[in-house]
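> Build me a model from this:
(2 chains)
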Amino acid sequence: AQSVTQPDIHITVSEGASLELRCNYSYGATPYLFWYVQSPGQGLQLLLKYFSGDTLVQGIKGFEAEFKRSQSSFNLRKPSVHWSDAAEYFCAAGGGTSYGKLTFGQGTILTVHP
Amino acid sequence: NAGVTQTPKFQVLKTGQSMTLQCAQDMNHNSMYWYRQDPGMGLRLIYYSASEGTTDKGEVPNGYNVSRLNKREFSLRLESAAPSQTSVYFCASSYPTDTYEQYFGPGTRLTVT
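Down below sits the predicted model:
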């Protein structure tokens, strides 16, 4: 069965520190991969996506993610976190015969200390 | 261009009551989706509509029905609400289906007492 796992439920970092959020997927074929961000009380906003090609993808707000086929991972990174990055982050995967459907991870809540 | 809109934003129901959550998109997207979000469980797909005139069950369809009224609108109905349906409901849309990139509405927070 297709699945997406985010091993870290909650991460706390200091403002200005680097950030890496982990995402692992289990899929029959190479999936399309996404990272979404959700601020409190809001909907989900797309940060970045990977379909094919360059395995390092750039997104909005200074985020990037690296697709590693050998590790079935798509980790999200940011070199210097800002207080406004505090939110919940979701990794998602789609593709193959899922007919446009996405499978979401459980989410990682990011807290940023001043 | 409003994107994906949902009504209402908040709703409180008593057990057994019915209600319909409305969703509309103005991006000319073919596919629309309904998710529920519960703490620690991410988003789970309830129903989806790959194109106008078609609907299919997702991961957690029990207790829900949907209607794809036209290309723009996709409603979710709870016929007899239960406390287990207390959740935040999100509608999303995408075009075409093989891009998989979905655009989300702001959500409806539903409480069933």
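> contacting residues for the closest residue to A:Gly43 other than its chain neighbours?
Setting aside the residues directly before and after it, A:Gly43 is nearest to B:Phe104 in space (CB to CB, 6 or more residues apart in numbering or on different chains), at 4.1 Å. Every residue, glycine included, has its C-beta placed from N, CA and C. By CB atoms under 8 Å, 6 or more residues apart in numbering or on different chains, B:Phe104 lies in contact with A:Tyr36, A:Gly43, A:Leu44, A:Gln45, B:Val4, B:Phe90, B:Cys91, B:Ala92.
> between those residues, which is nearest A:Thr5?
Within those, the smallest distance to A:Thr5 is 15.7 Å, found for A:Tyr36 (CB to CB).
> in which helix or strand would I find the closest one?
Assigned by DSSP states H and E, A:Tyr36 belongs to strand A:32-38.
> re earlier: scan the contacts of B:Phe104 and report the most crowded one.
Note: the member of the contacts of B:Phe104 with the most neighbours is B:Cys91, at 29 neighbours, neighbours being other CB atoms under 10 Å in any protein chain shown.
> Looking at strand pairing, list the partners for it.
B:Trp34 (DSSP bridges).
> surely it meets B:Ser31?
No: with contact defined as CB atoms under 8 Å, B:Cys91 does not count as touching B:Ser31 (11.4 Å).
> check contacts around B:Tyr95.
Neighbour list for B:Tyr95: B:Met27, B:Asn28, B:His29, B:Asn30, B:Ser31 [criterion: CB under 8 Å, 6+ apart].
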